[in-house]
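Participant: take this sequence and fold it.
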Amino acid sequence: MRILYLHQYFVTRAGIGGTRSYEFSRYLVKQGHQVTMVTASGKSGTNVSRSASSQDIDGIDVVEVPAGYSDYFRGTTLGRFARILAFFKFALASSVTVLRLPKPDVVFATSTPLTIGIPALLASKYHRVPLVFEVRDLWPEAPIQMGVLRSSFMIWCARWLERTIYANSAHVVALSPGMREGIIATGVSPTCVSMIPNASDLDVFSPAVDGAACRDRLGLNGHFICSYFGAMGEANDLTQVVEAADLLDKRGVNDVRFVLHGAGKRRPELEAFCRDRKLTNVVFSDPVPDKHVIASLAAASDVCMTIYKNVSILYTCSPNKLFDTFAAGRPAIVNSPGWLRELVEEHEAGLYVHPDDPAHLAERILFLRDHPETTQAYGRNARLLAEQHFDRNILAAQLLAIFEGTISSRSNSES
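Facilitator: Numbering: from 1, shown residues only. Here you go, the predicted structure:
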């Protein structure tokens, strides 16, 4: 099978960001299939007529388009108009690219941004092959609720594009139950929508990883460590975390440390908050292009946090950091009602805290600190949850089955 895979933010384990596309592509290659990945080069090119470059990465034919950006963290630092412009530059350049590539058997495109659907639709129509579209976030509803997309005309255009993509997709993949419900609400038949969540990286993240070196490097020995690793943009509002740190500092709690690892638009504001209050219990750590560094941080932590802004659309998210927390065998703290809360509570793999409530977060952290046996039990349950429900190979096999079923249905309808 020849698979044309489109993802603007493709990254390997040697990069910074989610590696779902890389890991799924590796699985597909190991099963004997050909995968061509179209992604942004990371350079600020704008000449859409310039040829894309190609390289082999672990058997994946990676075609880098000279437009847009591939660094998701960089995108969180850009203004809304700069981001939208970059999205359309990549969509235009990749549209030119897909016309020059050999005919695939199936086109698979993964959002965000939603504009990835433009070259995907073009490739599907031009090559006359089925399109499978993956929804990682419900766009445009997410930027609308976040206040990023405000123009009535732009909202109409975005909703039109969303429905056009769904209507022309043979199958749609959602990363959470809430996303699946959102897609079906637009009129897509439930039989055409499957839920394949993000996977736990059981190879890199493990309870067996030694976090001692990370604790030494960050000066965290002897402390109860609560870590966050990921983007620090508008969606991942860590105000609740630094305010909880402030509350604990004022109460004289000196054996708890918060490690915030990552980058994004909100990081300078968070750092300023901690400087103004002279907080020594918050440690900022810079992102490093090596996923093993994140694994060592998780291993060094007593608990890992998955934090979102209190916006209802974000309750549908399927965050990599949570599933890697499970793989690391660490309790998870989540502040999103819905699916994420259900996961940690039903499987006793962590705790839920009320969003926008730093006092509740501080209270839950102290509970975990003061009940080490419970904390360790949550960690064991988390690893078991990762192994039983979020094994990457199982989930990638589900995606492959969708491809095979879609191609088969297309062939039967044409015969």
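Participant: show me where the stretch 151-300 of the chain has helices.
Facilitator: In the stretch 151-300 of the chain, the segments counted as helices under DSSP state H, counting those that start in this stretch are 152-167, 177-185, 212-218, 239-250, 267-276, 291-300.
Participant: the shortest one: which residues count as buried?
Facilitator: Neighbour-count burial for helix 212-218, with 16 or more other C-beta atoms under 10 Å as criterion, is recorded at 214-215, 218. C-beta here means a position set from N, CA and C on the backbone, and glycine is covered the same way.
Participant: of all the helices of the stretch 151-300 of the chain, which one is nearest residue 333?
Facilitator: helix 239-250 (9.6 Å; C-beta to C-beta).
Participant: packing partners for the closest one?
Facilitator: strand 256-261, helix 267-276, helix 358-370 (3 or more C-beta pairs under 8 Å, 6 or more residues apart in numbering; DSSP states H and E).
Participant: now the angle from it to helix 358-370?
Facilitator: 60 degrees (axes from the mean of the first three to the mean of the last three C-alpha atoms, to 10 degrees).
Participant: wait, residue 262 sits on residue 230?
Facilitator: Yes: look at residue 262 against residue 230 with C-beta atoms under 8 Å: they come within range, at 5.1 Å.
Participant: out of those two, which sits in the busier spot?
Facilitator: residue 230 (27 against 22; other C-beta atoms under 10 Å).
Participant: who's in contact with the more buried one?
Facilitator: The contact partners of residue 230, by C-beta atoms under 8 Å, 6 or more residues apart in numbering, come to 236, 261-262, 319-321.
Participant: how about residue 138?
Facilitator: Taking C-beta under 8 Å, 6+ apart as the test, what residue 138 contacts is 178-179, 182-183, 313, 316.
Participant: taking those residues together, which two end up most distant?
Facilitator: Maximum distance among those (C-beta to C-beta): 13.0 Å, for 183 and 313.
Participant: hang on, the earlier thing: turn the buried residues of helix 212-218 into a markdown table, columns for pLDDT and distance to residue 126.
Facilitator: What follows is the buried residues of helix 212-218, written out as a markdown table (pLDDT from 0 to 100; distance: C-beta to C-beta, whole Å):
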| residue | pLDDT | distance to residue 126 |
| --- | --- | --- |
| 214 | 93 | 49 |
| 215 | 93 | 54 |
| 218 | 90 | 51 |
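Participant: just these now: which is nearest residue 102?
Facilitator: Relative to residue 102, the closest of the buried residues of helix 212-218 is residue 214; by C-beta to C-beta it sits at 44.8 Å.
Participant: you'd agree the closest one is up against residue 300?
Facilitator: Yes: the pair residue 214 and residue 300 qualifies as a contact (C-beta under 8 Å) at a distance of 3.9 Å.
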